[in-house]
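*Asks:* need a structure here:
(2 chains)
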2 protein chains.
Amino acid sequence: MKILITNDDGIDAAGIAALKKSLSEIGEVTVIAPRYEQSAVGHGITMQIPLRVREYYKNGTFFGYAVDGTPADCIKIGIRNILKETPDLVVSGINHGSNTAINIIYSGTVSGAREASIMDIPSIAISVTSHTARDFEYAGKIAKLLAAKIEKHGLPLGTLLNVNVPDLPEAEISGILVTKQGKSKWDDIYEKRTDPYGHDYYWLTGDLTDADKDLEFDQAAIKKNYVAVTPIHFDLTDYETYKEMKNWNIGKKE
Amino acid sequence: MKILITNDDGIDAAGIAALKKSLSEIGEVTVIAPRYEQSAVGHGITMQIPLRVREYYKNGTFFGYAVDGTPADCIKIGIRNILKETPDLVVSGINHGSNTAINIIYSGTVSGAREASIMDIPSIAISVTSHTARDFEYAGKIAKLLAAKIEKHGLPLGTLLNVNVPDLPEAEISGILVTKQGKSKWDDIYEKRTDPYGHDYYWLTGDLTDADKDLEFDQAAIKKNYVAVTPIHFDLTDYETYKEMKNWNIGKKE
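*Replies:* This next block holds a predicted model:
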């Protein structure tokens, strides 16, 4: 199994090192990841400036390719120009921090996996729920498990798995649930400050609302210590409203 | 009607000036837009650096607020900190270039409108199909028409309209269609060049594939000179695969 991995925390993050170690047990892994942190870049791609690709070494050993772009850039240029063969699987992560509910929209980690699914390659985005996670071993095990499940069952074209793993020792995990994207959003707060030159600036902060109570939603599942596995896709059409709007008589006088 | 407008081409673009002019005929318009071009930023938001907000003047007259961030940043900080009242409608555009099919995923224009719908505010993303569009008047008219339609029919919470207008005189427009997100994707090509110092770099280029033939899809509709209006949402759950995966027995030995 040829596996391409990327992330959004940058090629030097602990999460991607753990992912490489774990997936190397079941396949031939290539790392192509952002040179610098790319959190919350959404599904951004680089078009206005050129990309550069560098070989990245860790402790004197070749670790992978560092791209000065987004996770989606890494997958695009990786598959189009760096890899000789199309990978069988793409895995993005292990992210430091959860990507549940509305965060799926903002997430760079998810966009790396989504770019692969746009290219018809099965993919997984995987995150540990804490920004200060220290142990990625169990999440690495989950990535391996899901890679095997995908190998067995397949994934429809255009579908990827978004996986969130509680930051807990394996013994404290409640189980693994197939979930839906939760409804929780951010109560944004912009903290206003003044710089040393008298100019105002704003830092984004805030809290995720607590809209998900039912374990069928990713955000509720991780709060109850379950691993949440949500199948997502990139067809954004709202089919119900599409049907409704046939009655709007757009373009006709009212 | 209080209307907030943003874009991804930057506050000095011709498209947003045309949009402001047109929508000012039906409501009280505030412009909060990126200071610099933000094309293809996806749904990126700024968290690692603070934002700054500046008043922006055009020919000596106050035009709006310039934010050194993404379209989604503009909507967030605009609604949380700049505007005194929540707007009745958010419109993002008029974009220079189409946002159909897979481009909905990459689009900064769409993300501006989507951020509003995340905040439960009805919204529209509107684009003219050419990067060199010179006349935004008809697209401005379409924005007004759809604002009125939304006022009359409402939009479900979490749904926004993604609108693409052919770059043609009004007389050559075939009509207006309610459409679905097309299936066309990019055949990416990275053009490899060498900088004056001997280092390689890569420019992203390529063509959109021609996967959409049926007028029910946005990309096919604009090719036949129709205005394409696609209702989209941000619940990415793939419900069919969600059901399927119940049979995967995740977490059980096989």
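*Asks:* buried ones in the helix or strand that contains residue A:162?
*Replies:* Here residue A:162 sits within strand A:159-165, counting by DSSP states H and E. Neighbour counts over strand A:159-165 (16 or more other CB atoms under 10 Å in any protein chain shown) mark A:159-165 as buried. Quick note: C-beta positions are derived from backbone N, CA and C, even for glycine.
*Asks:* do stretch A:180-192 as well
*Replies:* In stretch A:180-192, counting by 16+ other CB under 10 Å, buried: A:180-186, A:188, A:190.
*Asks:* check whether that stretch contacts chain B.
*Replies:* Yes. Contact of stretch A:180-192 with chain B is found when judged by CB under 8 Å from any CB of the partner chain, involving A:180-181, A:185, A:188-190, A:192.
*Asks:* can I get these in CSV including pLDDT?
*Replies:* Listed next are the residues of stretch A:180-192 next to chain B as CSV, based on pLDDT from 0 to 100:
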residue, pLDDT
A:180, 98
A:181, 98
A:185, 96
A:188, 94
A:189, 94
A:190, 95
A:192, 94
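*Asks:* turn the residues you listed into JSON lines, columns for secondary structure.
*Replies:* Below are the residues of stretch A:180-192 next to chain B laid out as JSON lines (DSSP: H, G, I helix; E, B strand; the rest coil):
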{"residue": "A:180", "secondary structure": "strand"}
{"residue": "A:181", "secondary structure": "coil"}
{"residue": "A:185", "secondary structure": "coil"}
{"residue": "A:188", "secondary structure": "strand"}
{"residue": "A:189", "secondary structure": "strand"}
{"residue": "A:190", "secondary structure": "strand"}
{"residue": "A:192", "secondary structure": "strand"}
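*Asks:* what about stretch A:43-62, how long is it end to end?
*Replies:* Distance between the two ends of stretch A:43-62: 28 Å, counting by CA to CA, to the nearest Å.
*Asks:* roughly how far is that stretch from the heart of the chain?
*Replies:* Counting by CA atoms, centre = their mean, to the nearest Å, stretch A:43-62 is centred 18 Å from the centre of its parent chain.
*Asks:* identify the residues contacting it?
*Replies:* A:11-12, A:17, A:31, A:35, A:63-70, A:72-73, A:76-77, A:81-82, A:108, A:111, A:114-115, B:37, B:39-44, B:105-106, B:190, B:193, B:199-204 (CB atoms under 8 Å, 6 or more residues apart in numbering or on different chains).
*Asks:* in strands, which of these appear?
*Replies:* Judged by DSSP state E, strands contain the following of the contacts of stretch A:43-62: A:31, A:63-67, B:190, B:193, B:200-204.
*Asks:* buried sites along stretch A:29-46?
*Replies:* A:29-35, A:37-46.
*Asks:* same thing with stretch A:243-252?
*Replies:* A:244-245, A:248, A:250-251.
*Asks:* columns secondary structure and distance to chain B on top of these, output as CSV?
*Replies:* Listed next are the buried residues of stretch A:243-252 as CSV, based on DSSP: H, G, I helix; E, B strand; the rest coil; distance: CB to the nearest CB, whole Å:
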residue, secondary structure, distance to chain B
A:244, helix, 8
A:245, helix, 5
A:248, helix, 5
A:250, coil, 5
A:251, coil, 4
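*Asks:* residue B:127: which of those residues is nearest?
*Replies:* residue A:250 (16.8 Å; CB to CB).
*Asks:* next one: that closest one, what pLDDT does it get?
*Replies:* Per-residue confidence (pLDDT) for residue A:250: 88.
*Asks:* thought residue A:41 was touching residue A:70?
*Replies:* Yes. Judged on CB atoms under 8 Å, residue A:41 makes contact with residue A:70 at a distance of 5.0 Å.
*Asks:* list the residues that contact both of these two?
*Replies:* A:8, A:108, A:111, B:42.
*Asks:* farthest pair within the residues you listed?
*Replies:* Taking CB to CB as the measure, the shared contacts of residue A:41 and residue A:70 have their most distant pair in A:8 and B:42, spaced 11.8 Å apart.
*Asks:* poorly predicted segments of chain A, please.
*Replies:* Chain A contains residues with pLDDT under 70 at A:252-254.
*Asks:* got the angle for whichever helix in it runs longest vs strand A:159-165?
*Replies:* Using DSSP state H to define each element, chain A has its longest helix at helix A:137-153. Relative orientation of helix A:137-153 and strand A:159-165, computed by axes from the mean of the first three to the mean of the last three CA atoms, to 10 degrees: 160 degrees.
*Asks:* how far does helix A:137-153 sit from its chain's centre?
*Replies:* Distance, centroid of helix A:137-153 to centroid of chain: 15 Å (CA atoms, centre = their mean).
*Asks:* contact partners of it?
*Replies:* So helix A:137-153 is contacted by A:1, A:3, A:15, A:18-19, A:21-23, A:25-27, A:88-89, A:91, A:93-94, A:122, A:124, A:126-128, A:161, A:163, A:165, A:168-170, A:173, A:176, A:227, A:229, B:244-245, B:247-248, B:250-251, B:254 (CB under 8 Å, 6+ apart).
*Asks:* out of those, list just those in helices.
*Replies:* A:15, A:18-19, A:21-23, B:244.
*Asks:* between these, which has the most around it?
*Replies:* Highest neighbour count within the ones in helices among the contacts of helix A:137-153: residue A:19, with 29 neighbours (other CB atoms under 10 Å in any protein chain shown).
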